[in-house]
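> Sharing a model that was predicted from the sequence below.
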Amino acid sequence: SQQGEEDPQALSIQEGENATMNCSYKTSINNLQWYRQNSGRGLVHLILIRSNEREKHSGRLRVTLDTSKKSSSLLITASRAADTASYFCATAAFSGGYNKLIFGAGTRLAVHP
Amino acid sequence: NAGVTQTPKFQVLKTGQSMTLQCAQDMNHNSMYWYRQDPGMGLRLIYYSASEGTTDKGEVPNGYNVSRLNKREFSLRLESAAPSQTSVYFCASRRDGLTGELFFGEGSRLTVL
């Protein structure tokens, strides 16, 4: 089963609104990463938060990590139409004999002008 | 700086045919990875190479083989393609360590009839 699971599966908002996506995971992790994927393109790394960090910012992105609840959230503030994409969380952990980066199924974000 | 380059971008095969997906990175990264992406499944790791000369199985290696030709190149081979291997394949690389950010190629869309 997936280590990271995003919620919601799809999100539709208007430009200027904030978008919040959540990620839950099951086992201990080294870090958690968020990636963005535009339609038909490869994934692009957005931000990495380590297991001993609680919050991290990068431009309009804010990521939080709660290791006690095994969950993370990605907040995109003042969204733009160009933010329309799928967003994936990925958890980094040692499992099954090797260091894994396991991706969730993603949240599809649509930002309407 | 091209980053991670994958070829071909699109391929249609008949069941039983073989083919090789090529991947090259120009960032002098040590680790390289092959993932497949299926609807609703996120990305799943097929094989990885932690360094030149080594390759290891990921979550879904059956039906695939890989070659780490040199530090730059990591190829994925389907010896006898099956319809279940219809997917989008992504190559990725990582500079060092085993849990940092990944840099992805643009993907190779494979259809097996």
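Cool, got the structure. Residues are numbered from 1 along each chain as shown, chains lettered A, B, ... in the order given.
> got the residue ranges for the strands in the chain?
Looking at chain A here, since you left the chain open. Under the criterion DSSP state E, chain A carries strands at the ranges A:5-7, A:10-14, A:19-24, A:31-37, A:43-50, A:55-58, A:61-66, A:71-76, A:85-95, A:98-103, A:107-112.
> ah, no, chain B please
Applying DSSP E to chain B gives strands spanning B:4-7, B:10-13, B:19-25, B:31-38, B:42-49, B:56-57, B:64-68, B:74-78, B:87-94, B:103-104, B:108-112.
> follow-up on the earlier one: okay if I get the strands of chain A as JSON lines plus mean pLDDT?
As requested, the strands of chain A are exported to JSON lines (pLDDT from 0 to 100):
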{"stretch": "strand A:5-7", "mean pLDDT": "85"}
{"stretch": "strand A:10-14", "mean pLDDT": "96"}
{"stretch": "strand A:19-24", "mean pLDDT": "96"}
{"stretch": "strand A:31-37", "mean pLDDT": "95"}
{"stretch": "strand A:43-50", "mean pLDDT": "95"}
{"stretch": "strand A:55-58", "mean pLDDT": "96"}
{"stretch": "strand A:61-66", "mean pLDDT": "98"}
{"stretch": "strand A:71-76", "mean pLDDT": "97"}
{"stretch": "strand A:85-95", "mean pLDDT": "89"}
{"stretch": "strand A:98-103", "mean pLDDT": "80"}
{"stretch": "strand A:107-112", "mean pLDDT": "96"}
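> nearest to residue B:74, of the ones you listed?
Across those, residue B:74 has its closest neighbour in strand A:98-103 (16.0 Å, CB to CB). In this view, the C-beta of every residue, glycine as well, is placed from N, C-alpha and C.
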